[in-house]
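> coords below, sequence missing:
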């Protein structure tokens, strides 16, 4: 039975050691994927028969390709559509045109350093043209550093979307090299339809895959634990079919994940947790397998060349590309552009693409792989150690008081992406200054002195309290963060409106001051009377919509609003308030 037990033992040991390195990685500040690569190198450098089969280029390329596809699917699944819309255009410009520009800028440097032909210089440059944000965010999270939303969203979307472009360029240059072996290149016209096919077929298959996934999950009744496995199977089918049809399977999975993750589906939380586990397992297997393929002895022969090319990529190519493209978008500050240009860490995709020339038996295949591998090690080590201080120096890291709270997803039927948010009450928490808490913002659980209390049993929150607040959807998160998070100016908070108005004022007064179209039957009515009429079970935070403005109940006494706020621009926060809002024009109430 040794032929069964020994392989199981070895794989179990490698997997366990890989996970345990995360503890050391967090304390030392080394990117975890760098640790995975080193473990792979150590495992592959020995003469262990179990691992020798993984040192075949085709097997390593197969494992890496499947793992990368699953990682991209999860990357899309976890991307908020709200954040995607905010920075999608600049991020996609960096992910497409940016990859192309990086390849063109780095190719002359590669040709000068290595002395290879232009087509080979372009090939190597394309291999390292995409970024890996997983290492970035692991480092930042492990050190308790969070980025400003625009910067983080840009990096997330760019890194998730730039792999298909890098893959297309790499294989386009491989095809051109194969053509040159039989004579000079006579026709480049195939590149345009090939690129368009990868793009449109990939996007179309991704959307179709999303429709199938949504339909199957919502219409087929399964055990909850089976849904994520079913999604995994559909994802693999979609990846293979898209590639067979001439599209980009990576693009298809990223798009399907993006659409599915922002859709109301059954077992959303279960699927999300399973995919997080699958992604970690994929990263471990991919990096260890790619590390096994490396011969450490041969790395010393190309160390200098790889260091020079890597330095040029970090300090010359990436900054020029980022600053030139983001200069079109005025919303990015100089410091944000500087940080985005610095954190273009190279990772798994670059090493995986470096295997392709070996798989296709191209000249310089092994030397290119070694060069790319050293460039990735250099990028992870150098940029990885400096990323935290650079984020603070450039001012893109959130201050201590603005760090994002802990969030635990709760999988409830009919509620998309519901969650429990954990906050710790400090002296600067804005909610302490409010006499009453809106019903939709009341804590579900309060922990005081190590004892858990229900919200109804605690009259007022105190400094040091730990509270859990239920959020039925992501739309409420920004407002809860402002209520329970750092100190925020009242007019920015917008919970109670922009300024107070007397409950005894009439709607005629509102009509004169704001030019509102008030129905005749309401004009002589007092504002407080109508709110009390429309909300018999009135509670703080209820809103009466007059379309252009909203009236907010600030305080209630004996069922009557004693204090009212007026929100003169409710559309700016419309997506935040999925609490009770009622309009006097349609008399239609929206509830959670």
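Happy to help now that I have it. Fair warning: this is a prediction, and the values are worked out from it, not measured in the lab.
> show me the contacts for the residue lying farthest from the centre of the chain.
For the chain, the residue at maximal distance from the C-alpha centroid (CA atoms, centre = their mean) is residue 524, at 51.9 Å. Listed by CB atoms under 8 Å, 6 or more residues apart in numbering, the contact set of residue 524 reads 506-508. Backbone N, C-alpha and C define where each C-beta goes, glycine included.
> let's see it at 6 Å
Counting by CB atoms under 6 Å, 6 or more residues apart in numbering, residue 524 makes contact with residue 506.
> quick one, strands of the stretch 401-550 of the chain?
406-409, 419-424, 445-448, 451-454, 466-471, 499-501, 543-545, 550-557 (DSSP state E, counting those that start in this stretch).
> what's downstream of the longest helix belonging to the chain, the next helix or strand?
Looking across the chain with DSSP state H, the single longest helix is helix 81-114. Per DSSP states H and E, the first helix or strand lying C-terminal to helix 81-114 is helix 118-127.
> Counting by contacts, list what that following helix packs against.
helix 81-114, helix 149-180, helix 348-359 (3 or more CB pairs under 6 Å, 6 or more residues apart in numbering; DSSP states H and E).
> Show me what counts as buried in that helix.
119-127 (16 or more other CB atoms under 10 Å).
> Can you pull the phi and psi angles for the residue farthest from the centre of the chain?
When quoted as degrees, to the nearest 10, the phi and psi of residue 524 stand at phi -90, psi 10.
> and this structure, what are its domains?
2-398, 402-493, 499-590 (automatic domain parsing).
> quick one, which of those is packed in tightest?
Looking across the domains of the chain with neighbours counted as mean count of other CB atoms under 10 Å, the highest average goes to domain 2-398: a mean of 19.
> got the contact list for residue 16?
Taking CB under 6 Å, 6+ apart as the definition, residue 16 has no contacts.
> I meant residue 122, not that one.
For residue 122, the contacting residues are 107, 173, by CB under 6 Å, 6+ apart.
> run the last query once more with 10 Å
When contacts are counted by CB atoms under 10 Å, 6 or more residues apart in numbering, residue 122 touches 103-104, 106-108, 110-111, 116, 169-170, 172-173, 176-177.
> distance of the residue farthest from the centre of the chain from residue 544?
17 Å (CB to CB, to the nearest Å).
> again with residue 291
63 Å.
> returning to that earlier point: now, among the buried residues of helix 118-127, which is nearest to residue 208?
Using CB to CB, residue 126 comes nearest to residue 208 of these, at 28.7 Å.
> which ones are touching the nearest residue to that closest one once chain neighbours are set aside?
Counting by CB to CB, 6 or more residues apart in numbering, the nearest residue to residue 126 once its immediate chain neighbours are dropped is residue 169, at 3.9 Å. The contact partners of residue 169, taken as CB under 10 Å, 6+ apart, are 99-100, 102-103, 122-123, 125-127, 129-130, 191, 195, 353.
> wait, which of these is closest to residue 439?
Nearest member of these to residue 439, counting by CB to CB, is residue 130, at 47.2 Å.
> Can you tell me the closest non-neighbouring residue to that closest one?
residue 166 (3.7 Å).
> can I get the domains of the chain in CSV with mean pLDDT?
Supplementary listing: the domains of the chain in CSV, determined by pLDDT from 0 to 100:
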stretch, mean pLDDT
domain 2-398, 86
domain 402-493, 74
domain 499-590, 70
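> Next, work out how far apart the residue nearest to residue 126 and residue 360 are.
15 Å.
> Equivalent analysis for residue 245, please.
22 Å.
> helices and strands around the helix or strand harbouring residue 199, which ones?
Assigned by DSSP H and E, residue 199 belongs to helix 191-219. Judged by 3 or more CB pairs under 10 Å, 6 or more residues apart in numbering; DSSP states H and E, helix 191-219 is in contact with helix 57-77, helix 149-180, helix 226-244, helix 249-261, helix 268-292.
> Compare the ones you listed and report which one is nearest to residue 567.
Across these, closest to residue 567 is helix 149-180 (CB to CB), at 23.2 Å.
> Measure how the closest one sits relative to helix 57-77, angle-wise.
Per axes from the mean of the first three to the mean of the last three CA atoms, to 10 degrees, the angle that helix 149-180 makes with helix 57-77 is 150 degrees.
> From the chain's centre, how far out is helix 149-180? Work that out for me.
What separates the centre of helix 149-180 from the centre of its chain is 17 Å, taken as CA atoms, centre = their mean, to the nearest Å.
> Nearest residue to residue 355 in space, please, no chain neighbours.
The shortest distance from residue 355 to any non-neighbouring residue, by CB to CB, 6+ apart, is to residue 61 (4.7 Å).
> and what of residue 123?
Closest to residue 123 by CB to CB, 6+ apart is residue 173, at 4.1 Å.
> now swap in residue 422 and tell me
Excluding the flanking residues, the one nearest residue 422 by CB to CB, 6+ apart is residue 406, at 4.2 Å.
> For the one you found, which residues are in contact?
So residue 406 contacts 419-424, 468 (CB under 10 Å, 6+ apart).
> Quick check: it vs residue 201, distance?
41 Å.
> Could you do residue 244 as well?
10 Å.
> show me the contacts for residue 315.
Contacts of residue 315 by CB under 10 Å, 6+ apart are 341-342.
> So that it lines up with my notes, have the first residue be 23 from now on.
Done: numbering now begins at 23, and the last item shifts to residue 337.
> Using the three-state scheme, assign it.
Assigned by DSSP: H, G, I helix; E, B strand; the rest coil, the conformation of residue 337 is helix.
> how close does it sit to residue 330?
Relative to residue 330, and taking CB to CB, residue 337 is found at 11 Å.
> Please apply the same query to residue 220.
Counting by CB to CB - residue 220 and residue 330 are separated by 32 Å.
> Am I right that residue 241 is in contact with residue 288?
Yes - between residue 241 and residue 288 there is a contact at 9.4 Å, judged by CB atoms under 10 Å.
> Turn the helices and strands packed on helix 213-241 into CSV, columns for distance to residue 413.
Putting the helices and strands packed on helix 213-241 into CSV (distance: least, CB to CB, whole Å) gives the following:
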stretch, distance to residue 413
helix 79-99, 21
helix 171-202, 9
helix 248-266, 33
helix 271-283, 26
helix 290-314, 23
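> and residue 522, which of these is closest to it?
Between the helices and strands packed on helix 213-241, helix 171-202 lies closest to residue 522; by CB to CB that is 30.9 Å.
> dump the residue contacts of the residue nearest to residue 145.
125, 129, 141-149, 213, 378-379, 384.
> switch to 6 Å and redo it
Counting by CB under 6 Å, 6+ apart, residue 195 makes contact with 144-145, 148.
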